[in-house]
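Novice: quick one, fold the following:
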Amino acid sequence: MKAFKLFIFLFAFVHPVMAQSAYKPGIPIILRTGSNRILVLDTAFYMPQLYRKREIRVYLPPGYNQVKKRFPVIYLQDGERVEDSIGSKPLYMLSRMDSLYAAGKSQCIIVGIFSSPEYRQREYNPFDNGEGVKYINFLTNTLKPFIDKSFKTLPGKDHSIIAGINQGATIALYATLSRPNIFGKAGIFSPDLSSIDSLKSVVLNLSPAFDNKLFFYSTVNVDQTKFEDLTDIIGQKSSAMIYKMMENISDEKGNALARWFPEFTLWMNADGYNYVFKPW
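Specialist: From the prediction side, this is the model:
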């Protein structure tokens with residue numbers, strides 16, 4: 001009998017060394033204005049699997065340098081969203097996270113992998129002619145080992161979370177499905193389900209032993225039939241713990257990621273039972 005749990009809430013070779021030589025743990029290259037906890041790890045971190053470079057930013061929880069404890073890590077796609085705004089649009093993600101920590105809640109490190117307008121669709125697509133598999137190889141074989149070596153992380157699967165929105169959510173889901181022993185938890189916000197048949201073919205081959213923790217968020221912008229079908233199959237084929245949140249709103253700009261990110265973080269780092277989400 002599978003222990004499926006469902007919650008529904010309606011409402012380097014050389015190149016990584018180059019990056020490492022430019023950055024020493026605890027000594028940021030650039031500080032975000034007014035903060036000593038936002039590190040620009042590298043504006044051109046080399047991705048050897050894709051032969052290109054990318055900006056990586058790291059958000060450290062308050063008191064990081066004053067304690068010996070280690071922290072869970074969230075690998076966030078479209079990492080520019082870690083900042084409080086995109087252009088002139090306020091997101092308040094960091095403000096909400098700081099409020100969370102000020103309340104004595106769970107703390108984590110956030111690694112924001114910036115997206116590229118030129119390559120985003122290819123890198124977040126693991127099917128057809130996409131580069132998603134190479135991108136995930138970059139995360140697992142290059143970036144994550146570097147982060148675990150450079151920061152006080154909890155490196156195991158239960159403390160390694162991958163998240164994203166839209167196409168970033170699709171690649172996050174594929175990452176936890178294809179690398180279940182690396183990314184044990186995933187946040188899938190308003191996933192792009194244009195490749196639903198390919199995703200379902202992966203899900204249908206899931207082992208009953210797959211017990212990762214998955215948070216799914218959906219709005220009216222997501223095809224609800226495909227969304228329900230996908231999450232139901234994951235539940236039937238595995239022992240995953242799934243929380244589904246569906247809001248009857250339009251969210252074309254992706255505001256939900258910032259609005260629900262603190263609660264998503266709390267659930268991911270809690271036991272998952274009897275948890276009621278509320279926006280910060």
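
Novice: now the helices for this structure?
Specialist: Using DSSP state H, the helices of the chain run over residues 15-21, 93-102, 120-123, 132-138, 144-150, 167-178, 196-203, 224-237, 255-268.

Novice: show me how far the last one is from its chain's centre.
Specialist: What it means is helix 255-268. Relative to its parent chain, helix 255-268 has a centroid offset of 11 Å by C-alpha atoms, centre = their mean, to the nearest Å.

Novice: and if you look at the fourth one?
Specialist: Here helix 132-138 shows a centroid-to-chain-centroid distance of 14 Å under the convention C-alpha atoms, centre = their mean.

Novice: how about that helix as PDB, C-alpha atoms only?
Specialist: C-alpha atoms of helix 132-138 as PDB (Å, rounded to 0.1, in the frame of the first residue of the first chain):
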ATOM      1  CA  GLY A 132      17.000  21.000 -20.000                       C
ATOM      2  CA  VAL A 133      18.900  17.800 -19.300                       C
ATOM      3  CA  LYS A 134      22.200  19.700 -19.700                       C
ATOM      4  CA  TYR A 135      20.900  22.500 -17.500                       C
ATOM      5  CA  ILE A 136      20.000  20.000 -14.800                       C
ATOM      6  CA  ASN A 137      23.400  18.400 -15.200                       C
ATOM      7  CA  PHE A 138      24.900  21.900 -14.500                       C
END
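
Novice: and it, average pLDDT?
Specialist: Average pLDDT, helix 132-138: 97.

Novice: what comes into contact with it?
Specialist: Helix 132-138 is contacted by residues 47-50, 122-126, 171, 174-175, 178-179 when judged by C-beta atoms under 8 Å, 6 or more residues apart in numbering. C-betas here are computed from N, CA, C, even on glycine.

Novice: what's the answer for the third one, then?
Specialist: Residues from elsewhere that reach helix 120-123, judged by C-beta under 8 Å, 6+ apart: Leu50, Asp78, Ser115, Ser116, Asn129, Gly130, Glu131, Gly132, Lys134, Tyr135, Gln167, Ile171.

Novice: which parts of that helix are buried?
Specialist: Going by neighbour count (16 or more other C-beta atoms under 10 Å), the buried part of helix 120-123 is Arg120, Arg122, Glu123.

Novice: can you give me the strands for the chain?
Specialist: 5-10, 38-47, 52-59, 73-77, 85-86, 89-90, 109-113, 160-165, 185-189, 213-218, 241-246 (DSSP state E).
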